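Colleague: Sequence and predicted structure are below.
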Amino acid sequence: METKPITKYVAELVGTFCLVLFGCGAAVIAGANAEGIAPSGIGLLGISLAFGVSVVVMAYTIGPISGCHINPAISISMLAAGKLSFKDCIGYVISQCIGAVCASGILYLLLSGKPGFSMGEYALGANGWGETYLGKYSTQSAFIAETVFTFLFLIVIYGTTSKRANPAMAGLAIGLSLTLIHLVVIPITGTSVNPARSLGPALFAGGKALSQLWLFIVAPILGGLLAAGFWKGILETKDAA
């Protein structure tokens, strides 16, 4: 029986909500200061695992319903690769963005209950770069990191969900790859590789986080499109029956 479109869209909303709530929540509540700038507490590994494990959990929860994209860069890449319809792509992206914004709102409500809390420049785990952000990396470094690591993330997704792959292991492999990505990219941009994940916190943080949001939309989508072309043009031929 075919899953109704609205059911898939709700699943994507819930999945993205959980990714942002668990991932950014781990960063700003258990792993960073109130502004979400300096990782401490559970540390870099803990924050990376929070994002990666969130994807694993959601993959096995909503994967059978929607495919568990929970990331506009993935949905747009799948559209370019001919694996998702235009209608579903629009529905997925809108649902993912709503889920991310709702999760960020919940995080704000939680953090606002802490004595002395104030919204910093990059509050709620917002992504960024530059002299006032984590490792003080340049715009060029941030753009390259977000593009390249989104590309690699999508290659893992295409490979682990291909015909010859073991579908039971796909969620685990994808979640572990996201963990590895966070271990490298957090000091550079806080790690996005997901426009919806960046949108939610930026809308609440405003200021620099919102002004830099463009990079976390453009670079991941570019990386996803490059991955679609690379997979369809080079690697998918090896998956032919």
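Modeller: Looks like it arrived, so ask away. Numbering: from 1, shown residues only.
Colleague: for the residue sitting nearest the centre point of the chain, what are its contacts?
Modeller: Among the residues of the chain, residue 194 comes closest to the average C-alpha position under CA atoms, centre = their mean, at 3.4 Å. Neighbour list for residue 194: 19, 70, 71, 72, 73, 216, 220 [criterion: CB atoms under 8 Å, 6 or more residues apart in numbering]. To be clear about C-beta, it is placed using only N, CA and C from the backbone, and glycine gets the same treatment.
Colleague: Local confidence estimate at the closest residue to the third one other than its chain neighbours?
Modeller: Closest residue to residue 71 apart from its sequence neighbours, by CB to CB, 6 or more residues apart in numbering: residue 194 at 4.3 Å. Residue 194 is assigned a predicted lDDT (pLDDT) of 98.
Colleague: Can you give me the end-to-end span of stretch 67-84?
Modeller: 10 Å (CA to CA, to the nearest Å).
Colleague: If you count neighbours, what's buried in that stretch?
Modeller: 67-81, 83-84 (16 or more other CB atoms under 10 Å).
Colleague: Which strands or helices does the helix ranked longest in the chain pack on?
Modeller: Looking across the chain with DSSP state H, the single longest helix is helix 86-111. Counting contacts by 3 or more CB pairs under 8 Å, 6 or more residues apart in numbering; DSSP states H and E, helix 86-111 is packed against helix 5-25, helix 72-80, helix 195-205.
Colleague: Check which residues of the next helix or strand along the chain from the last one are buried.
Modeller: Once the chain leaves helix 195-205, the next helix or strand it forms, by DSSP states H and E, is helix 207-211. Neighbour counts over helix 207-211 (16+ other CB under 10 Å) mark 208, 209, 210 as buried.
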